[in-house]
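In: this is a predicted model, with the sequence first.
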Amino acid sequence: MIMPNDCHYIRKLVRTNSILPGSIEQLVVDTHLTQCAECQRLLNMPSPNLLGDLLNTPPTPPQPPKIKPAPDQHPPRKIKPTPDQPQPRKIKPTPDQHPPRKIKPAKIPPSRGMVWVQSIVICIATIVISYLVVVGARSGWAAIRIVRNLDQISTTEVASTPPITDTTATVAASTATPVPAFVLPAGSDQPITVLLLGSDRRPQEKTPSRTDAVILLRINPQTQRVSLLSFPRDLIVSIPGYGAARINAAHVYGDVYPALGGGKKLATKTVSQLIGVPIDYTVLTDFAGFINIIDTLGGVPVDITKDLYDSQFPTMDYKYREVSFQVGTSTMDGVTALTYSRIRHPDNDFERTKRQQQVITGVAKRLQTGNFVDTLEATANVTDALIGHAQTDMPRDLIIAMAWQMRAVPLNNFSYNTFSDIYYGTGDDRYAMYPVGGAIKRIVTQWLSE
């Protein structure tokens, strides 16, 4: 689906003439122009291929308009010769008479401006050909896969949550030097709030699922700060249109009752109402997507801060097994990282949310050390791993821009918050968690100021 903001961004890229041949911007523009005839028309592109237009594809010369006769004017009639009228004879040249020669029009030398344009075009063509020879078709195919995969993952089906004015928190400034960026979409240098939802849906399940991981991510490209805030899954909150229930159930009720807007949308609305802050985008992934992306990265390093043992850890096939972890740094594959993120019997749900944040940090470390954002083939593999297992309403171009801007953020610029100021329920629901009065506002203010 082509969104208006996509068209605005594409036209801005072309009109500012800031596209490097063979770059990701050119690929994005080319892909868009093949689908949007309106942009082709407004940009006066003779073909949907931007590279072809940069090589000065000549436009079709205008044709003189055809003059139609007036309604009261009859077209001239063709006069046929009468039978007794003599026909003109064709005069053949004599043998010693040469036929007239065809005179070729004189060549007009090109102007200095045209020579300059041709020189620029030749330089561009040389650069592009050299790039294709060096990088090869493999990189080009990888770039196409990235755009195609992001189009599938980025549904852009919901807009940002309406602003809620019940907050006084402000984002603190920082003296960190920003990462140099290429041409970015408008607004991509502003702080954004992303809701990360981890579904407990197993591969064989088709029913609506809960979101046992509820993590807010605040990204500030200008200060290069990333702040996380986790909520326990058993926290009792007000779900719009439904009533009081656990925060992890909002996704289920949204899918079960379509009138509430769908699972992802209702979960986003619930968390936004809870914290009193608008949420810009939501990312939802399931167990398989979590495992796939970590395995594609080649495993992630995780700092285990204490020994863990669980004799009754629930498995994917609804059985149980023993699991344990020892203190130290461990490179975890997808299954191990998922187990570490889910284990909770040795302590509690608050510690489990901290372990989930540790895994996110491990993913950030791996992305930086592996140079995945700058390598097309590796980035394409990462996006391949998410197809069918992840959804987001973040536009494709913003995903690319944010990944580029935050690719070298120092890990000490990450801050972590876990909401734990609660009291437990009683009776039949003694595991239910209720927030202490004013505690939500305090933790949100702290999260936004870091």
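Out: Structure's in. What do you need? Numbers count the residues shown, from 1 in each chain.

In: now Val436, nearest residue through space, not along the chain?
Out: Excluding its sequence neighbours, the residue lying closest to Val436 (CB to CB, 6 or more residues apart in numbering) is Asp421, at 4.7 Å. Any C-beta I mention is one placed from the backbone N, CA and C, and that applies to glycine too.

In: where does that neighbour land on pLDDT?
Out: Note on Asp421: pLDDT of 96.

In: measure it to Asp429 for me?
Out: Using CB to CB, to the nearest Å, we find Asp421 at a distance of 19 Å from Asp429.

In: what does Ile19 give?
Out: Distance, Ile19 to Asp429, using CB to CB: 58 Å.

In: check Lys365 too.
Out: Per CB to CB, Lys365 is found 39 Å from Asp429.

In: more neighbours, these two?
Out: Neighbour totals were compared for Lys365 and Asp429, and Lys365 leads with 16 against 11 (other CB atoms under 10 Å).

In: what about the strands in this protein?
Out: With DSSP state E as the criterion, the chain has strands at 192-199, 211-220, 225-231, 236-239, 243-246, 281-285, 300-304, 308-314, 320-325, 328-332, 390-392, 414-418, 422-424, 433-435.

In: out of the ones you listed, which is closest to Gly370?
Out: strand 300-304 (9.9 Å; CB to CB).

In: that closest one pairs with which strands?
Out: strand 328-332 (antiparallel) (DSSP bridges).

In: and the contacts of the strand it pairs with?
Out: For strand 328-332, contacts defined as CB atoms under 8 Å, 6 or more residues apart in numbering pick out Ile294, Gly299, Val300, Pro301, Val302, Asp303, Ile304, Thr336, Tyr340, Val359, Gly362.

In: average pLDDT for stretch 273-284?
Out: Rounded mean pLDDT across stretch 273-284 is 94.

In: could you dump that stretch to CSV, C-alpha only?
Out: The C-alpha trace of stretch 273-284 is given here as CSV (Å, rounded to 0.1, in the frame of the first residue of the first chain):
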residue,chain,number,x,y,z
GLN,A,273,-3.6,5.2,28.6
LEU,A,274,-1.7,3.6,31.5
ILE,A,275,1.4,5.8,31.1
GLY,A,276,-0.4,9.0,29.9
VAL,A,277,2.0,9.4,27.0
PRO,A,278,1.3,8.8,23.2
ILE,A,279,2.9,5.8,21.6
ASP,A,280,4.2,6.4,18.1
TYR,A,281,4.7,2.8,16.9
THR,A,282,4.2,-0.8,18.0
VAL,A,283,6.3,-3.9,17.2
LEU,A,284,4.7,-7.4,17.8
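
In: got the buried residues for it?
Out: Residues of stretch 273-284 classed as buried: Gln273, Leu274, Ile275, Gly276, Val277, Ile279, Asp280, Tyr281, Thr282, Val283, Leu284 (neighbour count, 16 or more other CB atoms under 10 Å).

In: TSV please, covering these and showing distance to Glu450.
Out: Listed next are those as TSV, based on distance: CB to CB, whole Å:
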residue	distance to Glu450
Gln273	22
Leu274	19
Ile275	15
Gly276	17
Val277	14
Ile279	18
Asp280	18
Tyr281	20
Thr282	21
Val283	21
Leu284	25
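
In: farthest pair in the residues you listed?
Out: Pairwise distances across these peak at 22.3 Å for Gly276 and Leu284 (criterion: CB to CB).

In: what about the closest residue to Arg352 other than its chain neighbours, how many neighbours?
Out: Of all residues not flanking Arg352 in the chain, Arg344 sits nearest, at 4.3 Å (CB to CB, 6+ apart). Arg344: 19 surrounding residues under other CB under 10 Å.

In: please apply the same query to Val29.
Out: Applying other CB under 10 Å, I find that Val29 has 25 neighbouring residues.

In: thought Lys12 was touching it, still the case?
Out: No: counting by CB atoms under 8 Å, Val29 does not reach Lys12; the two are 10.3 Å apart.

In: domain ranges for this structure?
Out: Domain assignment of the chain by automatic domain parsing yields the ranges 4-57+112-150, 168-283+392-450, 287-388.

In: and those domains, which one's lowest on average pLDDT?
Out: Mean pLDDT is lowest for domain 4-57+112-150 out of the domains of the chain, coming in at a mean of 63.

In: give me the neighbour count for the closest residue to Met316 other than its chain neighbours.
Out: Using CB to CB, 6+ apart and skipping the chain neighbours, the partner closest in space to Met316 is Arg202 (5.2 Å). Applying other CB under 10 Å, we find 15 residues neighbouring Arg202.

In: help me confirm that Arg202 comes into contact with Ile291.
Out: No: Arg202 is beyond contact range of Ile291, at 11.3 Å (criterion: CB under 8 Å).

In: could I get the full set of helices for this protein?
Out: 4-15, 24-33, 37-42, 50-54, 112-153, 250-256, 263-275, 287-296, 334-342, 349-369, 376-386, 396-405, 439-449 (DSSP state H).

In: for the second one, packing partners?
Out: Going back to what we said before, that points to helix 24-33. Judged by 3 or more CB pairs under 8 Å, 6 or more residues apart in numbering; DSSP states H and E, helix 24-33 is in contact with helix 4-15, helix 37-42, helix 50-54, helix 112-153, helix 396-405.

In: and the residue nearest to Val436, what does it touch?
Out: Listed by CB under 8 Å, 6+ apart, the contact partners of Asp421 are Pro435, Val436, Ala439, Arg442, Ile443.
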